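Q: 3D, please:
(one chain, ligands or ions: 1)
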Amino acid sequence: MNFILKSLSGWSAEEAAALDTLLDNRHVPLPQAASVSEWEALRPSLLETFETNVYGRKLPRPDEVIFTDITPRMYGAFMAGHAVRRRVEVKAKRNGLEASFPFELAIPANADAPVPVFVCLNFDPGVLNAYQPTEEIIDNGFATAGFCAPDVVSDDGDFTNGLAPLYYGPDDLAEDGYPKAADAAGKIGLWALAASLVLDYLETVPQIDASKAAVIGHSRMGKTALWAGVLDPRFFAVISNDSGCGGASISRGKRGETIGKITTRFPYWFCRNYQRFADHESEAPFDQHMLLALIAPRLLLVGSAERDLWADPEAEELSLYAASKVYALYRRADADRPLFHYHLRHGDHYLSRHDWHVYMDFLKDH
Ligand code: GCU
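A: Here you go, the predicted structure:
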């Protein structure tokens, strides 16, 4: 059975006209840039808009970061000898404090040349988990490096654990436990920093081609993958799977989850300022297609699932369509190789093997 309903890197004139009408009806503000130089002149203020109003300020790098190989001896030959599994501890130091988190790598054992790599933002520890079909990834010639988000900092309103105290001391936290400053980074910002630290390590691994690193995440980690990709231009590709509200989906006219709903249940993922746009989407000086456009001209993949109405597949496609107007400015000589891709899969909210194969097939062409 073919699970993929749509797989595209462009829209027909008819589809584009229908999507343009939707953008108009929802009053989605489009970046006013007619050339790469005009767009690049706009870019810094747009990035600042997202830092101030959505995810919070980019966190400075720790003063010192130490990587230690902590691979248990029992890992030995992995996947019948096809892969090497490694566990690494990242110790970060800042303001006289330190914090650490582990991540795990799986690297094809017998590659002839350095391999591309996925930086996987995971919900579970280790290289074996429901959203990461590691054996298939290895068989397709990619390495993976993944951390478990709560190992970096807890997925809740507590800013006193993991990497958080390196950035927020007791005086920086308000009575509700969140950073006082309305533009201070929330949990997505802290996880995005961890993705960059993992990439620092990958740059030192001879078997890995870190210039071909794709950051990938599902759902809340898809939102994080987008933000990590925007903040760290070393990511060659950015992959958002079912990231929905506060991720790939346009907020104006969005169905399912809205800014009001997400900032009520998960305020701590974002900065406080984001709450100001609850039920006031149309007043926001941004919408999520601008976040996608900030990734241009690097590779951008957006995946949706048909029954994932909470994330709203239509809002995800519309957003990529609007961002594609910025990608079009960068049309290159090798334009036969598209820079972005959208797919819609049958089924529910999940990062499935079908999604992975779409992503891997696309990346193999680059
Ligand atoms: C909730 C939340 C979503 C998020 C999802 C997830 O459903 O409302 O915004 O994407 O959790 O991360 O699984």
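
Q: okay, CA-based contacts and neighbour counts for the rest of this
A: Fine.

Q: Is the residue nearest in space to the middle of the chain within a helix or a strand, and which one?
A: Residue closest to the average C-alpha location in the chain (Cα atoms, centre = their mean): Ala225, at 1.1 Å. Assigned by DSSP states H and E, Ala225 falls within helix 220-231.

Q: what does Ala33 give?
A: Counting by DSSP H and E, Ala33 is found in no helix or strand.

Q: Around it, how many other residues sit close by?
A: Neighbourhood size, Ala33 [other Cα atoms under 10 Å]: 15.

Q: thought Ser324 was touching Leu291?
A: No: assessed by Cα atoms under 8 Å, Ser324 is found out of contact with Leu291, at 11.7 Å.

Q: Glu40: what's it in contact with?
A: If you count contacts by Cα atoms under 8 Å, 6 or more residues apart in numbering, Glu40 has none.

Q: got the contact list for Glu98?
A: Taking Cα under 8 Å, 6+ apart, one finds Lys91, Ala92, Leu163, Leu166 in contact with Glu98.

Q: Hmm, Asn129 and Ser352 touching each other?
A: No: contact criterion Cα under 8 Å: Ser352 and Asn129 do not qualify, at 11.2 Å.

Q: Looking at the two, which is more packed in?
A: Higher neighbour count among Ser352 and Asn129: Ser352, with 18 against 12, using other Cα under 10 Å.

Q: where does the more buried one land on pLDDT?
A: As predicted, Ser352 sits at a pLDDT of 97.

Q: for the one 3 residues further on, same thing?
A: According to the prediction, Asp355 has pLDDT 98.

Q: Then the one 10 residues further on?
A: pLDDT for Asp365: 85.

Q: The ligand contacts on the stretch 151-300 of the chain?
A: By the rule Cα under 6 Å from any ligand atom, the part of the stretch 151-300 of the chain lying against the ligand is Ser219, Arg220, Ser243, Cys245, Ile262.

Q: let's see 5 Å
A: Ser219, Arg220 (Cα under 5 Å from any ligand atom).

Q: can you map out the helices along the stretch 151-300 of the chain?
A: Using DSSP state H, counting those that start in this stretch, the helices found in the stretch 151-300 of the chain span residues 164-167, 187-202, 220-231, 259-265, 288-293.

Q: Return the angle between stretch directions for the longest one and helix 220-231.
A: Pointing back at helix 187-202 there. Here helix 187-202 runs at an angle of 60 degrees relative to helix 220-231 (axes from the mean of the first three to the mean of the last three Cα atoms, to 10 degrees).

Q: List the buried residues of helix 187-202.
A: For helix 187-202, the buried set under the neighbour-count rule, 16 or more other Cα atoms under 10 Å, comprises 187-199, 201-202.

Q: Name the next helix or strand downstream of the helix or strand of the chain with the lowest mean pLDDT, please.
A: Every helix and strand in the chain was compared by mean pLDDT, DSSP states H and E; the lowest is strand 77-78, with a mean of 86. Later in the chain than strand 77-78, the nearest helix or strand by DSSP H and E is strand 83-94.

Q: average model confidence for that following strand?
A: 97.

Q: Doesn't Phe67 lie inside a strand?
A: Yes: judged by DSSP: H, G, I helix; E, B strand; the rest coil, Phe67 forms part of a strand.

Q: quick one: contacts for it?
A: Counting by Cα under 8 Å, 6+ apart, Phe67 has contacts Val88, Glu89, Val90, Lys91, Tyr201.
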